[in-house]
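Trainee: here you go, sequence then predicted model.
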Amino acid sequence: DQQVKQNSPSLSVQEGRISILNCDYTNSMFDYFLWYKKYPAEGPTFLISISSIKDKNEDGRFTVFLNKSAKHLSLHIVPSQPGDSAVYFCAASAQNTGNQFYFGTGTSLTVIP
Amino acid sequence: ETGVTQSPTHLIKTRGQQVTLRCSSQSGHNTVSWYQQALGQGPQFIFQYYREEENGRGNFPPRFSGLQFPNYSSELNVNALELDDSALYLCASSSGQVLHGYTFGSGTRLTVV
């Protein structure tokens, strides 16, 4: 049962443009949402997070938006850079099971110079 | 500040054998989680350890077991290996603050033949 879904396996964007990565979830109890970036042969690296009491969190070029009613979150990268090319995972957890994160299957982003 | 170190990086085992994977957590982190990532999938939660006690477990059979040591390093043991256990095993440490994310190691690639 996939509780977190990333329906786009891949995305290509021109350098300097906006990258939008999407994530949907099914469990309304999820309180915490995180995005990770993964390069080949490395472990995932934490990027940005948001809790359910917010609808937006920004950190430099990265912004995460949360739409609780739609059970949808997105990661915006502006402007996109070639070094952003990686696989991006979204992950979610519920406060009462805060130690277990459910991950999506990932979206492979390619930023074209 | 050292990151998360996992050993070995690659391992080949025969079905029915037992395996032990090791993880050194990031300095200052007291919580260790283990995840299994099958090819083309997102990481799946196995269990978490906090202060040497199991602190949550995902949907994995008892033949998956673990330990955490006083220095917060950890081991993942898998008995009676099955072909489906072939995957990337990721160790992640954290300070316990959910929205700060995990620090992942680069993983151990286990192949069961």
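Mentor: All right, it came through fine. Since the structure is predicted, the reported quantities are computational estimates derived from the model, not experimental observations.
Trainee: show me which residues of stretch A:22-37 are buried.
Mentor: Residues of stretch A:22-37 classed as buried by neighbour count (16 or more other CB atoms under 10 Å in any protein chain shown): A:N22, A:C23, A:D24, A:Y25, A:F30, A:D31, A:Y32, A:F33, A:L34, A:W35, A:Y36, A:K37. Yep, even glycine has a C-beta here, placed from its N, CA and C like the rest.
Trainee: residues contacting the second one?
Mentor: Contacts for A:C23 were tallied using CB atoms under 8 Å, 6 or more residues apart in numbering or on different chains; they are A:V4, A:K5, A:Q6, A:F33, A:H72, A:L73, A:S74, A:L75, A:C90, A:G104.
Trainee: wait, which of the residues you listed is closest to chain B?
Mentor: A:G104 (5.2 Å; CB to the nearest CB).
Trainee: apart from its chain neighbours, what residue comes closest to the closest one?
Mentor: Spatial nearest neighbour of A:G104, chain neighbours left out: A:Q6 (3.7 Å); criterion: CB to CB, 6 or more residues apart in numbering or on different chains.
Trainee: and what of A:L75?
Mentor: A:L21 (4.5 Å).
Trainee: what sits against the residue nearest to A:G104?
Mentor: By CB under 8 Å, 6+ apart, the neighbours of A:Q6 are A:L21, A:N22, A:C23, A:D24, A:Y88, A:F89, A:C90, A:G104, A:T105, A:G106, A:T107, B:G42.
Trainee: check contacts around B:T31.
Mentor: Counted by CB under 8 Å, 6+ apart, B:T31 has contacts A:N99, B:S25, B:Q48, B:Y49, B:Y50, B:N55, B:S93, B:S94, B:S95, B:G96.
Trainee: just the buried subset of these, please.
Mentor: Neighbour counting by 16+ other CB under 10 Å classes A:N99, B:S25, B:Q48, B:Y49, B:Y50, B:N55, B:S93, B:S94 among the contacts of B:T31 as buried.
Trainee: pLDDT score assigned to the fourth one?
Mentor: This points to B:Y49. pLDDT for B:Y49: 93.
Trainee: from what I can see it touches B:R57, true?
Mentor: No: the criterion here is CB atoms under 8 Å, and B:Y49 misses it with B:R57 at 10.3 Å.
Trainee: helix, strand or coil for A:G83?
Mentor: Taken by DSSP: H, G, I helix; E, B strand; the rest coil, the conformation at A:G83 corresponds to helix.
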